[in-house]
Each structure stands twice: as structure tokens, then as C-alpha cells.
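> This is the structure alone, sequence omitted:
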């Protein structure tokens, strides 16, 4: 949702850079799973309370900000600063999801992949493949949404902001409620 909203509001590059933040976080977790860094994996799982709480709070903040966002034209300088923020915010948001590391570890273990046999070249290639696959997905998504961008009016974009914000808020509430469970 965030990538789609950013593509519609700020253009294809913002959507793609947001997706690259998520792809980079996927690659980080892929490294942890593929190279068998069990200590770091265990720490992330042990700290999932704080990760969920912080991630949920960030989603709440992002949801409110998205709901209140007014469609506008930005200057070139604003977009340059916004690209770094788009990348970092999506990267951090994806990293605060400890389920991602568990998913990668489960898939890699289920397929018998990783560096448990000391094949670090294969593990590195696997991580690169995860990053490239994720990047391809974000490139396709931001490109497709960008194609439709010219057909989206300011009024429609305002409603997209509101709906996206509500969905992001809901994920934030779910993350924070899951802490209590």
C-alpha cells in the first residue's frame, strides 16, 4: 500500500525507492537466514515485543500522516530529500517485522538451503536472488501504478491517501495489539 500510495502521490521513483528499502531489508533478513547467523536471529526473535511495539507505533504515525496528507506538487529539492526518507522509512518498517526473519529461515531450512554446510557462495547467491526478485517486484509494481498515475485526479488521490492511511493505521493497531497477546 505504501509503495502504491507513494508512486501515485510522488511518482514512480518514490515508489521504486520505497520498494528498494523493503528489498534491502529482505536481503538483510535473507543474509541472516542464509548464513545461519543464529545468534542474531535469536536476538531478533527475543526482541519481537519491542520490534512490534516500535513498528506498530511507526505505522500509526505513518497512517495518520498519510490520512492528513494533501496532494501537492513538490519542488525538485523536496523530492531529493524525500527519496532518502522514502527508502529509510520503508527499510526500517520492514526490519521491524520479526516474522520476516522467521519466514526466510523456515523457507531456507525447508528447502535445505543456507550456509549450514559452509557453502557461503551459494548462500550469497541466494541472498542476491532474494534482493533481485524483490527489486523486480517493486519495479513492476511502481511502473504499473505510475502508468495509471496520469488518470488519477487530485480528488481521487486524496481518497487514496485516506484509505491507505486507514489501512496503515489498522496494521499499526494489529502490531501493537499483538504485543499484548
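Sure thing, it's come through. In this text, all values refer to a predicted model and were calculated from it rather than measured experimentally.
> Which helix runs longest in the chain?
Looking across the chain with DSSP state H, the single longest helix is helix 120-149.
> That one - contacts with which helices or strands?
Here helix 120-149 touches helix 2-10, helix 12-34, going by 3 or more C-beta pairs under 8 Å, 6 or more residues apart in numbering; DSSP states H and E. The way it works is simple: take the backbone N, C-alpha and C, and place the C-beta from them, glycine included.
> OK, contacts around the spatially most central residue of the chain?
Closest residue to the average C-alpha location of the chain: residue 22 at 3.5 Å, with C-alpha atoms, centre = their mean. Residue 22 makes contacts with 3, 90, 91, 93, 94, 134, 138, as judged by C-beta atoms under 8 Å, 6 or more residues apart in numbering.
> hmm, 7 Å instead?
Residues in contact with residue 22 (C-beta atoms under 7 Å, 6 or more residues apart in numbering) are 90, 94, 134, 138.
> Now do the contacts for the second one.
By C-beta under 7 Å, 6+ apart, the contact list for residue 94 reads 21, 22, 25, 26, 100.
> can you name the two of those residues that are farthest apart?
By the measure C-beta to C-beta, 21 and 100 form the most distant pair in the contacts of residue 94, at 13.2 Å.
> Where does the prediction get shaky in the protein?
37-42, 72-81, 98-99, 101-102, 106, 108-118 (pLDDT under 70).
> Between its first and last residues, how far does stretch 26-43 reach?
17 Å (C-alpha to C-alpha, to the nearest Å).
> Neighbour count for residue 21 and residue 100, which is higher?
More neighbours surround residue 21 than the other of residue 21 and residue 100, with 25 against 20 (other C-beta atoms under 10 Å).
> if you skip the residues just before and after it, what's nearest to the more buried one?
Closest residue to residue 21 apart from its sequence neighbours, by C-beta to C-beta, 6 or more residues apart in numbering: residue 90 at 3.2 Å.
> Likewise for residue 120?
Residue 120 sits nearest to residue 35 (C-beta to C-beta, 6+ apart), 7.0 Å away.
> could you list every residue that touches residue 20?
Shown in contact with residue 20 (C-beta under 7 Å, 6+ apart): 87, 135, 138.
> And residue 96, by the same measure?
By C-beta under 7 Å, 6+ apart, residue 96 lies in contact with 51, 54, 55, 58.
> cutoff 10 Å now
Under the criterion of C-beta atoms under 10 Å, 6 or more residues apart in numbering, the contact list for residue 96 reads 25, 44, 48, 50-59, 175.
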